[in-house]
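**Student:** No letters, just coordinates:
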């Protein structure tokens, strides 16, 4: 159990290291305020709650942040979890602290329909606050880091949920801000809780080679120092193994076991200036044979998070591949602390001249303003947070970054939406290239346009950047909405003609507008769109407009909602009947999307499909997002089916990368069947590297059962990775 007095002393010592004249009485005042506010509250570990905010502030002190940030770390949960108000904080600690705490505080007083919607809105709030003051995200990252360090006290379900969110959002954010130690720690902690079998298996294998690795590092380190001295270079040389998640990703991407990964050690050379860095690179290449495809010059072309270093991979002693990073002391400070290295901690602000390459934050703001659907917003954010792997040039020499696999269409949308919408081709390095061409770092790209060109749905299959994806989707949705509006107006006109009435009559009289609220639409255009998409039945609108002209229905029928009237005939023999509630109803005709195969426990979204009821997708499914918000309806798994009758078993596909060893396939199938899970289909193919890829289609009842299958498989020797895949 952590002791408050000891933890507070550690915090003060960390502060005094870099800020000797810090106002310690104000820090102690904040600790006392937080202690009283959180009085009686305890963490899941049983510790007093105050230990958490002190821990967060210690992390902020390691980043050498200003006093307001430290105090915010101490107070960050007071408004969210206690009776303290922002006004109290402003009075006692000033407007800056109050604003920072507000930026970090979650939106907790609003009821959200789904977890994704809540996550989305909290992140939207954080982005807006971050755009005003970057310290908000630094406090948030410190908060998440401390929570991840103590995650073992929560349930397995919460561990996986929090780890998934951290790996998708917080670790990439730390990377975007250049705080590499935090990114590595978060990734390793997420790996531990999301794939515990793989994590501990890898940890055991790394541990068995510890003494051997330390000896190897010492030998190479001494060799590099000696060679540098020969050329008059005096540098600091360190060697370290790569973190677990990094090694695991190498294993997964290459489809190999740990014993086949040879570049798990990285060496760092820190020198006085840039000239010495390039000289040292020459020394290393003369000492060890370089792997030509593995050299990157991030000094000449820094990463978007300001990271600078020379990276080269060479063949070291005994034929082992080793990665060498060469940088100056200043570059090392930035590489270690990122944006925090630029911070003017006494003034409590970052210098605008020092903080560069923040285009990604502008893109996040643009995403926040343009995307209202929470699932689509989160998908775009996750894409934007990852550092680009490809850096290309405009004809004017400006550098633009893109995710790996991006095409000229991505480049066109990065220039301007209109350029993207009318893109017909591109010149890459002066030569005409197809739109499917995958951009490579160093390419110079020139876009060719035609005023008659329009975006195509097929483009969504080849673009990778969030801006291109969202702009193409918006165009297609607008086009489909226009078609649905025209169709809806025609259908309503036709329905009214049956009773010898004209739609124009109701438009002119304003009668339609009177009923919009009852129909849960904002405008007449929205009404037409809803009719066109099938969310509202034109006949029911006609009855509302002219009840006297149409035979009245019985009272029971009148009380039904429009959604019920659309689908009440539903219950039609569907294996999914009652498994999912649509708008709270359990007798709606639904079908599960084959593209993502949702199972109970997955977060789901429903989309109305004309003539086919409601199609249920996983919330993260890209194909579902393409359907558009107008077609979306609220769906949930039926708790009655979950508790009393059980769900119909559903098929899920797993891809297993493994060693091609005798008996492993039999061991895997036995591992699945011992859990009472049926294997519907299995396919196996081997690769040239004595590896195998197995696709299992299994029948499971819910996500929990699926996780047990995955965990069982991952625990076996010879298994490299196990992933759920879409159809």
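**Tutor:** Thanks, I have the structure now. The structure displayed is predicted, hence computed values, not measured ones. Residues are numbered from 1 along each chain as shown.
**Student:** show me what contacts residue 53?
**Tutor:** Contacts for residue 53 (C-beta atoms under 8 Å, 6 or more residues apart in numbering) come out as 34, 38, 73-77. Heads up, the C-betas are built off the backbone N, CA and C, glycines and all.
**Student:** what's the answer for residue 531, then?
**Tutor:** Going by C-beta under 8 Å, 6+ apart, residue 531 touches 487-489, 491-492, 537-538, 541.
**Student:** Compare the contacts of residue 53 and tell me which has the most neighbours.
**Tutor:** residue 73 (32 neighbours; other C-beta atoms under 10 Å).
**Student:** quick one: which helix or strand includes it?
**Tutor:** Applying DSSP states H and E as the criterion places residue 73 in helix 67-75.
**Student:** ditto for residue 307
**Tutor:** Assessed by DSSP H and E, residue 307 sits outside every helix and strand.
**Student:** Ok, residue 665 next?
**Tutor:** Element membership of residue 665 [criterion: DSSP H and E] is helix 664-673.
**Student:** What helices and strands are in contact with the helix or strand following that helix?
**Tutor:** Counting by DSSP H and E, the element after helix 664-673 in chain order, helix or strand, is strand 678-686. Counting contacts by 3 or more C-beta pairs under 8 Å, 6 or more residues apart in numbering; DSSP states H and E, strand 678-686 is packed against helix 664-673, strand 691-700.
**Student:** For the first one, list every residue counted as buried.
**Tutor:** Pointing back at helix 664-673 there. The neighbour-count check on helix 664-673 (16 or more other C-beta atoms under 10 Å) flags 664-665, 668, 671-672 as buried.
**Student:** Over to stretch 323-340?
**Tutor:** Buried residues in stretch 323-340, defined by neighbour count with 16+ other C-beta under 10 Å: 323-328, 331-335, 337-340.
**Student:** of these, closest to residue 313?
**Tutor:** Nearest to residue 313 among the buried residues of stretch 323-340: residue 323, at 5.1 Å, using C-beta to C-beta.
**Student:** would the closest one count as being in a strand?
**Tutor:** Yes. Counting by DSSP: H, G, I helix; E, B strand; the rest coil, residue 323 is part of a strand.
**Student:** surely it meets residue 268?
**Tutor:** No. If you go by C-beta atoms under 8 Å, residue 323 and residue 268 don't touch, sitting 9.3 Å apart.
**Student:** report the longest helix in the protein, please.
**Tutor:** Counting residues, the longest helix found in the chain (DSSP state H) is helix 466-497.
**Student:** Remind me what that helix packs against, helices and strands.
**Tutor:** When contacts are defined as 3+ C-beta pairs under 8 Å, 6+ apart, helix 466-497 packs onto helix 359-370, helix 374-385, helix 408-415, helix 417-421, helix 503-509, helix 524-533, helix 538-545, helix 622-626.
**Student:** name the helices or strands packed onto the second one?
**Tutor:** Meaning helix 374-385. Packing contacts for helix 374-385, counted by 3+ C-beta pairs under 8 Å, 6+ apart, involve helix 115-132, helix 171-176, helix 359-370, helix 466-497, helix 622-626.
**Student:** list the buried ones in the helix or strand following the first one?
**Tutor:** Going back to what we said before, that points to helix 115-132. Once the chain leaves helix 115-132, the next helix or strand it forms, by DSSP H and E, is helix 135-149. By 16+ other C-beta under 10 Å, the buried positions in helix 135-149 come out as 135-148.
**Student:** what does helix 135-149 contact?
**Tutor:** In contact with helix 135-149 (C-beta under 8 Å, 6+ apart) are residues 52, 55-57, 59-60, 63, 65-66, 68-69, 72-73, 76, 100, 103-104, 126, 129-130, 162-163, 166, 170, 173-174, 177, 179, 182, 185-186, 189-190, 339-340, 348.
**Student:** now that helix, how far from the centre of its chain.
**Tutor:** 16 Å (C-alpha atoms, centre = their mean, to the nearest Å).
**Student:** quick one: average pLDDT of it?
**Tutor:** If you average the pLDDT over helix 135-149, you get 92.
**Student:** Ok, stretch 709-717 next?
**Tutor:** Here stretch 709-717 scores 89 as its mean pLDDT.
**Student:** Mind listing what's buried along it?
**Tutor:** When burial is assessed from 16+ other C-beta under 10 Å, stretch 709-717 yields the following buried residues: 709-714, 716.
**Student:** Count residues in the vicinity of residue 239, would you?
**Tutor:** 19.
**Student:** Which of the three states applies to it?
**Tutor:** Per three-state DSSP, residue 239 ends up strand.
**Student:** And it, how far from residue 187?
**Tutor:** Distance of residue 239 to residue 187, computed by C-beta to C-beta, to the nearest Å: 20 Å.
**Student:** check contacts around residue 228.
**Tutor:** By C-beta under 8 Å, 6+ apart, the contact set of residue 228 is 234-235, 237, 269, 280, 283.
**Student:** Three-state assignment for it, please.
**Tutor:** At residue 228, secondary structure determined by three-state DSSP is helix.
**Student:** before we move on, what about residue 620?
**Tutor:** Classification of residue 620 by three-state DSSP places it in coil.
**Student:** That one against residue 376, yeah?
**Tutor:** No. Here residue 620 lies out of contact with residue 376, judged by C-beta under 8 Å, at a distance of 10.3 Å.
**Student:** In terms of neighbours, single out the busier of these two.
**Tutor:** When residue 620 and residue 376 are compared for neighbours, residue 376 comes out ahead with 24 against 17, by other C-beta under 10 Å.
**Student:** For the more buried one, which non-adjacent residue is spatially closest?
**Tutor:** Spatial nearest neighbour of residue 376, excluding adjacent residues (C-beta to C-beta, 6 or more residues apart in numbering): residue 625 at 5.0 Å.
**Student:** residues touching residue 297, list them.
**Tutor:** In this structure, residue 297 makes contact with 310-311, judged by C-beta under 8 Å, 6+ apart.
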